[in-house]
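S.K.: Attaching a predicted model along with its sequence, questions to come.
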Amino acid sequence: MIDIRTAPALGRRGLMAGTTGLALGGAFGTPVLAQGARTLRVRFGSDISQLDPARIFQNENQSIASHIYSGLVQYDQATNAIVPDIATGYEVSSDGTVWTFRLRPNVTWHKNFGAFTSDDVKFSFERILNPATGSPYRGQLAGLKEIETPDPLTVRFVLEAANSGFLHKLCAFNQGWLVSRRAVTEIGERYSMNPIGTGPFIFDRWTTGNEVRLVANPDYFGGPSTLTDVIFRIVRDETAAAIALENREIDIFYALQSPDVIDRLRRVSAVTVLDRPANNTANLVLNTTAGPLRDVRVRRAMAHAMNRKALIDGFFRGTKFEATSVLTSTFQEFTEDGVPRYAFDPDRARALLREANVSNFRFEITTVGLNPFDRFPVALANDLQQVGIQATVRVLERAAYLQARSSGNVQSCVTAVVGPPDPDSPLVTLYHTRSHPPGLNTSRYDGVDDLLAEAARAPDLAGRRAVYARILQKTMTDLPVIPLYADRLFIAHGPTVQGFVQNSLFTVNVSPVSLRTV
């Protein structure tokens, strides 16, 4: 077996390393850091709800999980390169169908749940694949035939066919986070809010609607952090969160969305505002089995009717980018070549509706009650009304929204597909039949399963790019999903924070952070 010593993002050899947490400090709620204080305070805009990797959704949940769990490999926060996590090396068979990983020895699960072994890896992924689990990420593991555990520190994945992007599926995100067989079995239904991992932080407590507390893992295989704890404080109002940051009552302002607040914090000399493009688009998913939405001309009419550029320039004041597909420029496989575009053209929209013989069409947009998703769809509904579609907006709280979406019975939903720089993450999630409800293919689209399989079999990046270009061309022709905008991520932090790295996954991970006294 080859040790992992170099880390090309899609290579068959990766990197061998261990990371050590750096010192953090700060007392939550105290304006000035006390000497020796070791608590970091991070603002969340929404509460958490689900920390089970098999079912996890929502970037706040994913942010907490990224501190608790490990994966076989992980994404480098700055570069998106695939680098080591709990695996020390791997090799791939000559035909690309067998991936064998060597695991770190002497790794233990949080809260005395015993030693980590290859059996836990096998359990984690087979649990995702089990239809009884109801995981929305089952489609991400399409083509995984068998998982073998020759010994406690070796795990082998056998694929039905070669998959050049398979390493992405094993990265520490969503289905790639590893769970303890013993913990999941013993904790049972309560596991979703009592997570057990092997990561640098241990889940301590959740105070509903108020805060989440993680404490340092003294036995972390990457080296124990000198951090005492991290408090994720829920502050829903962005102006209130900005004031808290300015007053040093929080250290990191996560999920900064409001253009006004972004402008405000950029004018504060003691505050640093970071931004970068995200691996994320916001989209209007159309149920292609529902009434007039079965007709592609109606779906195209809707795309022409919505003034998405005005939404970006006006509502978002330029803090978002235009989207030409569900992939963004952060993906290596992104292209605009040959991909249909739908300019704002109300007259063309009306003509398409006449061609489809559609009138008095009642259309409901279902969205979640979180900023900005509870606000901007109103502008889209108004645009649709101007071409004769009787559009309304239904805003649901998080749990009700997820239930409505997973039922597959809504006419449409607004969703952001946040995830890793793996094109299959949004494409399989939104378009593969294995992701039909209770998965997240709420459009019930079935047009690119064969192309997604072909992309997986491509031997190199050039081959992958060619197939993914065809996928983007076809999905934007059939239009089961209308991309609304490409996301741009903003995070702000105070003067005591150093070493923070903003990722492109729309999560926050504070593992590399240290605090200084100012």
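M.R.: Cool, the structure landed.

S.K.: ranges for the strands of the stretch 401-518 of the chain?
M.R.: Per DSSP state E, counting those that start in this stretch, the stretch 401-518 of the chain carries strands over the ranges 412-416, 481-493, 497-498, 514-515.

S.K.: nope, the stretch 1-150 of the chain is what I meant
M.R.: Counting by DSSP E, counting those that start in this stretch, the strands of the stretch 1-150 of the chain are 39-44, 73-75, 82-84, 87-92, 98-103, 144-151.

S.K.: Report all helices and strands that the longest one contacts.
M.R.: Same thing as strand 144-151. Helices and strands touching strand 144-151, as assessed by 3 or more C-beta pairs under 8 Å, 6 or more residues apart in numbering; DSSP states H and E, comprise helix 118-129, strand 154-159. In short, each C-beta sits where N, CA and C put it, glycine included.

S.K.: Which one, of the ones you listed, ends up nearest to residue 198?
M.R.: Residue 198 sits nearest to helix 118-129 of all the helices and strands packed on strand 144-151, at 8.8 Å, using C-beta to C-beta.

S.K.: Remind me what that closest one packs against, helices and strands.
M.R.: Counting by 3+ C-beta pairs under 8 Å, 6+ apart, helix 118-129 packs on strand 98-103, strand 144-151, strand 154-159, helix 181-187.

S.K.: Adding mean pLDDT and mean neighbour count, write the ones you listed out as JSON lines.
M.R.: Output for the helices and strands packed on helix 118-129, formatted as JSON lines (pLDDT from 0 to 100; neighbours: other C-beta atoms under 10 Å):
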{"stretch": "strand 98-103", "mean pLDDT": "98", "mean neighbour count": "20"}
{"stretch": "strand 144-151", "mean pLDDT": "97", "mean neighbour count": "14"}
{"stretch": "strand 154-159", "mean pLDDT": "98", "mean neighbour count": "20"}
{"stretch": "helix 181-187", "mean pLDDT": "98", "mean neighbour count": "16"}
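
S.K.: As a markdown table, those with distance to residue 310 would be great.
M.R.: As requested, the helices and strands packed on helix 118-129 are exported to a markdown table (distance: least, C-beta to C-beta, whole Å):
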| stretch | distance to residue 310 |
| --- | --- |
| strand 98-103 | 47 |
| strand 144-151 | 44 |
| strand 154-159 | 46 |
| helix 181-187 | 48 |
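
S.K.: Of the ones you listed, which is nearest residue 485?
M.R.: strand 144-151 (33.5 Å).

S.K.: Report the strands that pair with that closest one, each with its relative direction.
M.R.: strand 154-159 (antiparallel) (DSSP bridges).

S.K.: Off-centre distance for the partner strand?
M.R.: 25 Å (C-alpha atoms, centre = their mean, to the nearest Å).

S.K.: In contact with residue 287: list those residues for me.
M.R.: Counting by C-beta atoms under 8 Å, 6 or more residues apart in numbering, residue 287 touches 293, 408, 409, 410, 411, 412, 442, 443, 444.

S.K.: just the buried members of those?
M.R.: When the contacts of residue 287 are checked for burial by 16 or more other C-beta atoms under 10 Å, the buried set is 293, 408, 410, 411, 412, 442, 443, 444.

S.K.: can you tell me which residues contact residue 385?
M.R.: residue 391.

S.K.: per-residue confidence for residue 226?
M.R.: In this prediction, residue 226 carries a pLDDT score of 78.

S.K.: swap in the one 3 residues further on?
M.R.: Each residue has a pLDDT score; the one for residue 229 is 95.

S.K.: hmm, back to that, JSON lines please, covering the helices and strands packed on strand 144-151 and showing distance to residue 488.
M.R.: Formatted as JSON lines, the helices and strands packed on strand 144-151 follow (distance: least, C-beta to C-beta, whole Å):
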{"stretch": "helix 118-129", "distance to residue 488": "31"}
{"stretch": "strand 154-159", "distance to residue 488": "35"}
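
S.K.: looking at those, which is closest to residue 274?
M.R.: Per C-beta to C-beta, nearest to residue 274 of these: helix 118-129, 32.5 Å.

S.K.: starting at the chain centroid, how far to that closest one?
M.R.: For helix 118-129, the distance to the chain centre is 21 Å (C-alpha atoms, centre = their mean).

S.K.: what residues does that helix touch?
M.R.: 53-54, 72, 101, 103, 109, 133, 135, 137-138, 140-141, 144, 147-155, 157, 175, 177-181, 184.

S.K.: Now do the contacts for residue 393.
M.R.: With C-beta under 8 Å, 6+ apart, residue 393 has these contacts: 364, 365, 367, 377, 378, 381.

S.K.: Over to residue 497?
M.R.: Here residue 497 is in contact with 40, 251, 252, 272, 513, 515 (C-beta under 8 Å, 6+ apart).

S.K.: give me the beta-bridge partners of it?
M.R.: Residues in beta-bridge contact with residue 497 (DSSP bridges): residue 515.

S.K.: cool, residue 171 as well?
M.R.: What pairs with residue 171, by the bridge criterion (DSSP bridges), is residue 73.

S.K.: Can you verify my assumption that it contacts residue 70?
M.R.: No - counting by C-beta atoms under 8 Å, residue 171 does not reach residue 70; the two are 10.7 Å apart.

S.K.: if we can go back for a sec, ok, the contacts of residue 287 vs residue 470, which is closest?
M.R.: Using C-beta to C-beta, the contacts of residue 287 come closest to residue 470 at residue 443, 18.7 Å.

S.K.: about what we covered before: which one, of the strands of the stretch 401-518 of the chain, ends up nearest to residue 390?
M.R.: strand 412-416 (13.4 Å).

S.K.: To residue 509, which of the helices and strands packed on strand 144-151 lies closest?
M.R.: Once these are compared by C-beta to C-beta, helix 118-129 is nearest, at 20.1 Å.

S.K.: other SSEs contacting the longest strand seen in the chain?
M.R.: Across the chain, the longest stretch assigned as strand under DSSP state E is strand 272-286. If you count contacts as 3+ C-beta pairs under 8 Å, 6+ apart, strand 272-286 packs onto helix 259-266, helix 296-305, strand 412-416, helix 424-431, strand 481-493.

S.K.: so how far is the last one from its chain's centroid?
M.R.: Just to be clear, that refers to strand 481-493. That offset, for strand 481-493, works out to 12 Å (C-alpha atoms, centre = their mean).

S.K.: what's that strand packed up against?
M.R.: Counting by 3+ C-beta pairs under 8 Å, 6+ apart, the packing neighbours recorded for strand 481-493 are helix 238-246, strand 252-253, strand 272-286, helix 296-305.

S.K.: which one of these lies closest to residue 350?
M.R.: helix 296-305 (7.5 Å).

S.K.: Check the burial of residue 133 by counting its neighbours.
M.R.: 15 (other C-beta atoms under 10 Å).
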